[in-house]
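>>> Give me the fold of what follows.
(2 chains)
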There are 2 protein chains.
Amino acid sequence: MDPYLDAALEEARKGLASGGIPIGSVLVCDGEIIGRGHNQRVQEGSVIHHAEMNCLENAGRLTAATYSRCTLYSTLSPCPMCSGAALLYKIPKVIVGENITFQGPEDYVRSQGVDLNIVNDPRCIEIMREFIAAKPELWNEDIGV
Amino acid sequence: MDPYLDAALEEARKGLASGGIPIGSVLVCDGEIIGRGHNQRVQEGSVIHHAEMNCLENAGRLTAATYSRCTLYSTLSPCPMCSGAALLYKIPKVIVGENITFQGPEDYVRSQGVDLNIVNDPRCIEIMREFIAAKPELWNEDIGV
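Purely as a prediction, here's the structure:
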């Protein structure tokens, strides 16, 4: 298993345990996790702290040189906002836990030069399937539906 | 003049007065301003609170039905992240104060069905020109350069 994806999944589980939407993310630079986060819609009433955004915010202000050596992990295919954040900071690589329950603008992200890989880890799929079945309205709100 | 763009510019000026990057935004629904914000990179040490993101966050959790009646104003052409946020929440209309000093992925946003209009208001151009000349490193950091 990929220890970084495991760390992102651990963030998703933390989010679930605190009543939130179970999506997690980590930012990895030169083999080290330099940011972690999970969706904060419920916990913070936030409309912008998706997992990837929360992770980037927690990583703090970084130089372009640092971002250029980073890989962004997310348990779920990044939505347009989170994809855009990766593009803004020119993060060259994105590892996606799954894109079965939701699919962001992957083709667009790739067209901008990002190396985006889909893992479709069964654990990432399962945690979202169970959550969406339990709280469909909350999920829909999070993806703007 | 457009009173909503004036309100976004007022936000930009607030940001400048507090030592920050002078970009402002308002969210308008049914003729009423329901969110205001400005870039918080300096003030909050934030890498995700661009003006539009800060505005959306301040507007709070809204239904898709509300977003569908909104117009997002920004004093500057929205970057990939902020453009993505508008796409995520399916905000149908975006009014941009200027795109001379910076240009976001406007064609992509339009290709997704958003009615995006560029005003090129001299006041919006001037406040950014002066800021970029004074603090180029801070500006570059904000746009991931």
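>>> so who does the residue of chain A found nearest chain B touch?
Going by C-beta to the nearest C-beta, chain B is nearest to A:G84 of chain A, at 2.8 Å. To be clear about C-beta, it is placed using only N, CA and C from the backbone, and glycine gets the same treatment. Listed by C-beta atoms under 8 Å, 6 or more residues apart in numbering or on different chains, the contact set of A:G84 reads B:C79, B:P80, B:M81, B:C82, B:S83, B:G84, B:A85, B:L87, B:P105.
>>> same thing but at 6 Å, please
By C-beta atoms under 6 Å, 6 or more residues apart in numbering or on different chains, the contact list for A:G84 reads B:P80, B:M81, B:S83, B:G84.
>>> Check A:L62 too.
Taking C-beta under 6 Å, 6+ apart as the test, A:L62 contacts no residue whatsoever.
>>> Look at it and give its secondary structure.
coil (DSSP: H, G, I helix; E, B strand; the rest coil).
>>> Burial check on the closest residue in space to A:D30 that isn't next to it in sequence, number of neighbours?
Among residues not flanking A:D30 along the chain, A:R69 sits closest, at 5.8 Å (C-beta to C-beta, 6 or more residues apart in numbering or on different chains). By other C-beta atoms under 10 Å in any protein chain shown, 15 other residues sit near A:R69.
>>> what about A:R69, distance to A:A134?
38 Å (C-beta to C-beta, to the nearest Å).
>>> Report how many residues lie close to A:P22.
When neighbours are defined as other C-beta under 10 Å, A:P22 has 25 of them.
>>> and it, that one's in a strand?
No. Assessed with three-state DSSP, A:P22 is coil; it does not lie in a strand.
>>> Close to chain B: what parts of chain A are there?
Residues of chain A lying close to chain B (C-beta under 6 Å from any C-beta of the partner chain) are A:47-48, A:53, A:56-57, A:61, A:64, A:79-81, A:83-85, A:87-90, A:144-145.
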